[in-house]
Each structure stands twice: as structure tokens, then as C-alpha cells.
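J.: Need coordinates for the below:
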Amino acid sequence: MAPAPGSRTDAATETFVAHRNLLFTLSYEILGSATDAEDVLQETWMLWAGVDLGTVLDRRAYLIRIVTRQALKRLRTLDRRKETYVGPWLPEPLLTAPDVAEDVELADSVSMAMLLVLETLQPTERAVFVLREVFGLDYAEIAEAVGKTQPAVRQIAHRARTHVAERRPRGAGTPAEHRAALQAFQRAVETGDLQSLLDVLAPDVVALSDGGGVRHALLRPVVGVDDVARLLAVGWWQREAARSVEIVQINGWPGLLVRIDGEIDGVVAVRVENGYVTGAYHVRNPEKLSHIARETAVSR
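T.: Below you'll find the predicted structure:
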């Protein structure tokens, strides 16, 4: 873990702490894993602590370069782990503060739906897209961070933007529409009444569930309103233990926090397009729930 504020008073510590939330957000958006993003921050601090600050013209840019390079190294390792992962791999969810939603672009960039779109990019494309579209870096800064020429970075950025535009939600729902959809999920869980849920599911809705081979979960996507409704009726929510469902902020958007016997069991995030749920993402892998018990700060 990087040093806490006040643990040291030197300029290196003060600079790192001042930019920590931004650096975490950058690493998380490149990786889709909060645990790995924290590891990248620790590696970044160790490298930063050895830098002669007298040679650094722009400390923020320098830290961004370190984080980007370390995140790209880790992303390639993470991609190898995904090859042997049991069932669908979903991004690690974050419990975020309500004010994250006020920055619409930030909330969109950390949403589960967008992180899944970013998963379809190549590592360098992903880093370039995040640096350019989310953090607004110029091409010279990005080229330095990813070790490419500026013309190459411009091509990569164009390719990544086109790729993301083709896959990001169309007519993306508002926070109010997300909340309304989740209230329908909540009623289905608490009362067993599926009708209100059926009313908000798109015909081609896709349900994904991530248990990591540790908890019961879907081993493949379930597609179509009938099959997803059947899943919800007899699958996800049928538990003998007492369960509760609470609407909270997950990755900048309303999501469901599910508890079984008072213990966190998982979270559900949704993708809403034109008022209908087109994606439902259920994360139950305990290793991915460590950032749900408390709020994680994100910024740009």
C-alpha cells in the first residue's frame, strides 16, 4: 500500500498522495481490476521514491507515465490469467461515492458496461484510449507513456475510438433509468414478482455471472428475455438463507448490493439502453468484492 497522507512530509510523498486517486483510476481503467490497480500503485510508489525530483519538470505527467507502463505490464499478465479463468470474467466492482455520478464522463468511463467494452481492446489501444478520452492527455504525453511515436499514437487512438464507438451502449440510460431497472430487480428478489422486471428487459438482454470457480455462477452468458427471466426466477435469487438487496452506487452508477445472512454475497450492475436493460452483470467471486465494503475514490 502506498504511504498514507502525513506518514512522510517530503515532496515525493506529498506529490504522490495528491495524485493518488487519479493514478488509481487510470490504473483501474486500464486493468479492470482494483486489486491489481492497487498493486500497480505500490510499484509506482517504489519507482517514484527513487526519482530525483530536481530532474522532473511535470510531476503529474511523470507519475502517469510510470502508472501506464506498470499497468500495461500487469495487463499482459492479467490477460494470461483470464485464459484459465472459470466462467465469464467481469471487472472488479467498486463501491463509489454518489458525487462520482456528477462527472458524467468519469462515471461512464468506470461503469461496468464501459469496462467490458474496454476489455475488447488490445492493451496499448486500451491505455491510449483511456489516456486520451478520459484523462485528456495530448499525443506527445501519450507517446511518452506508451513508448510509441506520435503518429503511431494518433492511429492507435483513432482505431480505439472507432472500436469503442461501435460497442458502447446506444442511447445510454440515465441514472434514474438505471435505478428504476434495479428497483424492478429488487422487487423480483424480494417478492418473486417478475412482471415488472420483464417490462424493463430488452428482448436481446445478456446476463453474465462471475463466481471465479469459487461460488456458484453461470459458466456462459444467458441471452434473451425469456431465458434471463427464467434464470432470475429459478437461479440467481433462489437461496435458502436470508437475503437482502440494497441499491448503492457501483462504478459511478446505481447497482445492487446483495447480502446473504448479512454477509456481502455479490453485486449486480446493469447496462441500460433506450430505457431497457440490455446487460446484467452479477459478480460473486469473493476475491473481487474487497472494494465493496467501503467507498473507493476515483478521479481524473
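J.: Show me the shaky parts of the chain.
T.: 1-9, 233-241 (pLDDT under 70).
J.: Which residue ranges of it form strands?
T.: 201-210, 222-223, 243-250, 253-260, 263-273, 276-283 (DSSP state E).
J.: so which of those comes closest to residue 21?
T.: strand 243-250 (15.8 Å; C-beta to C-beta). Where C-beta positions appear, they are placed from N, C-alpha and C, glycine not excepted.
J.: Does that closest one pack against any helices or strands, and if so which?
T.: Under the contact criterion of 3 or more C-beta pairs under 8 Å, 6 or more residues apart in numbering; DSSP states H and E, strand 243-250 touches helix 175-191, strand 253-260, strand 263-273.
J.: how about the ones you listed in TSV, adding mean neighbour count and distance to residue 59?
T.: Shown next, in TSV, are those (neighbours: other C-beta atoms under 10 Å; distance: least, C-beta to C-beta, whole Å):
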stretch	mean neighbour count	distance to residue 59
helix 175-191	18	35
strand 253-260	22	32
strand 263-273	22	35
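J.: CA atoms only: put stretch 206-218 into CSV for me.
T.: Extracted C-alpha coordinates of stretch 206-218, given in CSV (Å, rounded to 0.1, in the frame of the first residue of the first chain):
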residue,chain,number,x,y,z
VAL,A,206,-27.5,-10.7,-21.9
ALA,A,207,-26.8,-11.9,-18.3
LEU,A,208,-23.3,-12.6,-17.2
SER,A,209,-22.3,-14.0,-13.8
ASP,A,210,-18.7,-14.2,-12.3
GLY,A,211,-18.1,-16.6,-9.5
GLY,A,212,-14.4,-17.3,-10.4
GLY,A,213,-14.9,-21.0,-9.8
VAL,A,214,-15.4,-20.3,-6.0
ARG,A,215,-19.1,-19.5,-5.9
HIS,A,216,-22.0,-20.8,-8.0
ALA,A,217,-22.3,-18.7,-11.1
LEU,A,218,-23.1,-19.0,-14.8
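J.: quick thing: my sequence starts at 477, can you match it?
T.: That works, and once the first residue is 477, the last one we named lands at stretch 682-694.
J.: How far off centre is that stretch?
T.: Centroid separation between stretch 682-694 and its chain, computed with C-alpha atoms, centre = their mean, to the nearest Å, is 17 Å.
J.: Quick check: the gap between the residue located most distally from the centre of the chain and residue 536.
T.: The C-alpha centroid of the chain is most remote from residue 530, which lies 35.7 Å away (C-alpha atoms, centre = their mean). In this structure, residue 530 lies at 16 Å from residue 536, with C-beta to C-beta, to the nearest Å as the measure.
J.: now for the helices and strands packed on strand 719-726, which one comes closest to residue 508?
T.: strand 739-749 (12.8 Å).
J.: tilt between the closest one and helix 651-667?
T.: With axes from the mean of the first three to the mean of the last three C-alpha atoms, to 10 degrees as the basis, strand 739-749 and helix 651-667 are set at 130 degrees to each other.
J.: Packing partners of strand 739-749?
T.: helix 588-594, helix 651-667, strand 719-726, strand 729-736, strand 752-759.
J.: Which of those sits closest to residue 624?
T.: Of the helices and strands packed on strand 739-749, the one closest to residue 624 (C-beta to C-beta) turns out to be helix 588-594, at 18.5 Å.
J.: and for the closest one, what are the contacting residues?
T.: 505, 508, 566-567, 569, 584, 602, 605-606, 640, 643-645, 648, 726-727, 729, 731, 745, 747, 755, 757 (C-beta atoms under 8 Å, 6 or more residues apart in numbering).
J.: Stretch 525-543 now?
T.: Counting by C-beta under 8 Å, 6+ apart, 487-488, 491-492, 495, 498-499, 502-503, 516-517, 520, 523-524, 607, 611, 613, 617, 620-621 sit against stretch 525-543.
J.: need the contact list for the nearest residue to residue 545 once chain neighbours are set aside.
T.: Nearest non-adjacent residue to residue 545, counting by C-beta to C-beta, 6 or more residues apart in numbering: residue 621, 6.9 Å away. Contacts for residue 621 (C-beta under 8 Å, 6+ apart) come out as 540, 541, 544, 545, 603, 607, 613.
J.: Identify, from those residues, the entry nearest to residue 686.
T.: Closest to residue 686, out of all of the contacts of residue 621 and judged by C-beta to C-beta, is residue 603, at 23.6 Å.
J.: Name all residues that make contact with the closest one.
T.: Contacts of residue 603 by C-beta under 8 Å, 6+ apart are 506, 544, 547, 548, 621, 622.
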